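Trainee: Coordinates for the following, if possible.
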Amino acid sequence: MPPMRPSSGHRTRHHRRFGLLATAVHLPAALMARWDIPRVLPVPAPAIFAGNHRSMFDIVVGFRLFWNYRASMHIVVARHYFDHWLMGRLLRAGGCIPMESGRAALGGVKACLEALERGESVVIMPEGRVMPPEERPEGVGPPGAGIGILAARSAAPLALCAITGTDEVWPLGRRCPRPRLGHRRPTIRVVVESLAPLEPEERRDRERVAAAVMAGLQGLLTPAEDSTPHEDSISPEGPELSA
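Mentor: Numbering: from 1, shown residues only. Next up, the predicted model:
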């Protein structure tokens, strides 16, 4: 008997439409890359998932990864992508939250906090933009203000999503992904782990909690990038699913 598909208690008001978008990207995502993703999610809802950002393909990873557990999340996306007539509609339909930079980020942070208060999880990329290799020599770039404010104002557990391989599928500077089919497909590897609970004073400090998140991501990315790519798989290891 084949293994049962994992399920999750992470669900938003946009759950069905999140699933429709995830289903739509599933086939092209499978054709363009091999996937190595964990079997379970390590934290219950509501939670804050923080991931590194190397490619426009990262949003596809978000839909592909979380729908594997029949979970839906509010993925935070840069505000200017919502200005496109089609992409903006799709992002809103899937429950994505627009985020601007600088002081204007407070509006996006408020929307994230409201979602967390409803019991719905959010996914944020703390760097705030796609980071070129020269700006992430240690694996990650500097965080924007959003993650520090969000984590300091919410008691929701923090989880880390370390993503590698997406910049091989959709390199920075290209208008569309670079198709490489068959055995030439790059491997996208995602490691998801909970961040160890922080002391209350550290959690309330925007800069310290942001630094802890980025240090955690850096630590996960280093062994991930040293590993050898292999065929599509679902990692058999990881903590049990919390619903």
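
Trainee: for the residue lying closest to residue 104 once chain neighbours are set aside, what are its contacts?
Mentor: Closest residue in space to residue 104, ignoring its immediate chain neighbours: residue 79 at 7.8 Å, by C-beta to C-beta, 6 or more residues apart in numbering. From N, CA and C alone the C-beta is placed, and that goes for glycine too. Going by C-beta atoms under 8 Å, 6 or more residues apart in numbering, residue 79 touches 98-100, 104, 108.

Trainee: Next: residue 118.
Mentor: Under the criterion of C-beta under 8 Å, 6+ apart, the neighbours of residue 118 are 13, 46.

Trainee: give me that answer again for 10 Å
Mentor: Applying C-beta atoms under 10 Å, 6 or more residues apart in numbering, one finds that residue 118 lies in contact with 12-13, 45-46, 74.

Trainee: if I look at the residue nearest to residue 104, how far off is residue 36?
Mentor: Using C-beta to C-beta, to the nearest Å, residue 79 is found at 31 Å from residue 36.

Trainee: residues in contact with the spatially most central residue of the chain?
Mentor: Taking C-alpha atoms, centre = their mean, the centroid of the chain lies closest to residue 51, which sits 4.6 Å from it. Shown in contact with residue 51 (C-beta under 10 Å, 6+ apart): 58, 61-62, 65, 75, 123-127, 140, 159-163, 190, 192, 217.

Trainee: does the closest residue to it other than its chain neighbours count as helix, strand or coil?
Mentor: Spatially, and ignoring its direct neighbours in sequence, residue 51 is nearest to residue 161 (3.5 Å; C-beta to C-beta, 6+ apart). Using DSSP: H, G, I helix; E, B strand; the rest coil, the structure places residue 161 in strand.

Trainee: ok, now residue 41?
Mentor: What three-state DSSP gives for residue 41 is coil.

Trainee: What helices and strands are in contact with the longest helix along the chain?
Mentor: Within the chain, and with DSSP state H defining each element, the longest helix by residue count is helix 206-226. The criterion is 3 or more C-beta pairs under 10 Å, 6 or more residues apart in numbering; DSSP states H and E, and the helices and strands that helix 206-226 contacts are strand 48-51, helix 145-153, strand 158-164, strand 187-194, helix 200-203.

Trainee: same thing but 6 Å
Mentor: In terms of contacts (3 or more C-beta pairs under 6 Å, 6 or more residues apart in numbering; DSSP states H and E), helix 206-226 is packed against helix 145-153, strand 158-164, strand 187-194.

Trainee: can you pick the most crowded of the contacts of residue 118?
Mentor: Using other C-beta atoms under 10 Å as the neighbour definition, these reach their maximum at residue 74, which records 26 neighbours.
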